[in-house]
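In: 3D model of this:
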Amino acid sequence: MNIAVCLKQTFDTEAKISLNSSGKIDDANVTRCINPYDEYAVEAGLKLKEKFGGEVTIVSVGGEKTPESMRTALAMGADKGILIKDPVLEQADEWVVAEVLAKAISQIPYDIILSGRIAVDDQSAQVAIRVAEALGLPSVSTVLALEVEENKAVATREIDGGTEVIEVPLPAVFTAQKGLNEPRYPNMMGIMKAKNKELKVLSLNDLGFAEAPARKSGEAVYSLPGARKAGIKIQGEPADSVRELVRLLSEEAKVI
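Out: Model prediction:
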């Protein structure tokens, strides 16, 4: 069984974020890691490989530092990696990333495509589902349990207030939720082996794109939230205080 895992490199969730003078995130000294939800996807792929055999391929769109996180996934036990790196993808939105990932995955054998349910940096939960749409595959998101047979998979997914069980034919796309498994830590042997595993770096031209897919996001500018305003303390007799509170809520806060 061949499994493709879509992986995103994100900031460490404990990293302190600062902005530069241009209003962009200053990532010069920020630690990067595998998107935590993608770790569940990697582990799910490795468990399927252990049960059925085959290969786990890590596929990512990223930049100069992305191979560090991909090597971590390879050290966990994945077999090889494909990184799509191109300057025009630096500001790509979810639609563009999904189109590029789908094109790369379409050129390798796969039975199952896995990814995390959400990216912790931008809170996007779009890419994997868009990949499924681009490839014409069924998808199940927010998966808590996954049982695979030869030509089908039964997934238990989280929904509001409970869970539901969905059966889909393979190939299919699944996004992993926390609780699906407990990702393994790379051991020393895995780390050493990862250094020699194939990590292919491709450009858009290598994938057959004459130019970048049509949609690109605009340049994002961020700003820190303003200082929180101090509260108002109303003093005086109870009746007077109530009248003043009602006035403030009506005229200033405009909530009544």
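
In: From now on I want contacts and neighbour counts done on CA atoms only, so please keep to that.
Out: Noted.

In: Residue 229: how many residues sit nearby?
Out: 6 (other C-alpha atoms under 10 Å).

In: Name the SS class of it, please.
Out: Secondary structure state of residue 229, per DSSP: H, G, I helix; E, B strand; the rest coil, is coil.

In: lowest-pLDDT helix or strand in the chain?
Out: Within the chain, confidence by mean pLDDT, DSSP states H and E is lowest for strand 25-26 among all helices and strands, at a mean of 67.

In: What's the first helix or strand after it?
Out: strand 32-34 (DSSP states H and E).

In: How about residues contacting that next one?
Out: With contacts defined as C-alpha atoms under 8 Å, 6 or more residues apart in numbering, strand 32-34 is touched by 7-12, 65, 68-70, 72.

In: Show me the strands in the chain, by range?
Out: 2-6, 9-11, 18-19, 25-26, 32-34, 55-61, 80-84, 112-116, 139-148, 152-159, 162-169, 172-176, 199-202 (DSSP state E).

In: Now do the same contact list for residue 8.
Out: Counted by C-alpha under 8 Å, 6+ apart, residue 8 has contacts 34-35, 38, 60-62, 119.

In: Show the buried residues in the residues you listed.
Out: Buried members of the contacts of residue 8, scored by 16 or more other C-alpha atoms under 10 Å, are 34-35, 38, 60-62, 119.

In: Next, give me the two most distant ones among those residues.
Out: Pairwise distances across the buried ones among the contacts of residue 8 peak at 14.6 Å for 38 and 62 (criterion: C-alpha to C-alpha).

In: Find the nearest non-adjacent residue to residue 9, please.
Out: residue 34 (4.8 Å; C-alpha to C-alpha, 6 or more residues apart in numbering).

In: distance of the one you found from residue 62?
Out: To residue 62, residue 34 is 12 Å away according to C-alpha to C-alpha, to the nearest Å.

In: do residue 49 as well
Out: From residue 49 over to residue 62 (counting by C-alpha to C-alpha), the distance is 25 Å.

In: again with residue 186
Out: With C-alpha to C-alpha as the criterion, residue 186 and residue 62 are 22 Å apart.

In: Repeat that for residue 226.
Out: 32 Å.

In: so residue 151 makes contact with residue 172?
Out: No. Residue 151 is beyond contact range of residue 172, at 10.1 Å (criterion: C-alpha atoms under 8 Å).

In: mind listing what residue 143 touches?
Out: Contacts of residue 143 by C-alpha under 8 Å, 6+ apart are 155-158, 174-177, 180.

In: Now those residues in CSV, please, with extra columns for distance to residue 256 and pLDDT.
Out: Formatted as CSV, those follow (distance: C-alpha to C-alpha, whole Å; pLDDT from 0 to 100):
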residue, distance to residue 256, pLDDT
155, 47, 96
156, 44, 97
157, 41, 96
158, 37, 95
174, 46, 98
175, 43, 97
176, 43, 97
177, 40, 96
180, 45, 96
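
In: Please produce TSV containing the residues you listed, extended by neighbour count and distance to residue 95.
Out: Formatted as TSV, the contacts of residue 143 follow (neighbours: other C-alpha atoms under 10 Å; distance: C-alpha to C-alpha, whole Å):
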residue	neighbour count	distance to residue 95
155	21	25
156	20	27
157	22	24
158	16	24
174	26	18
175	28	17
176	28	20
177	23	22
180	20	26
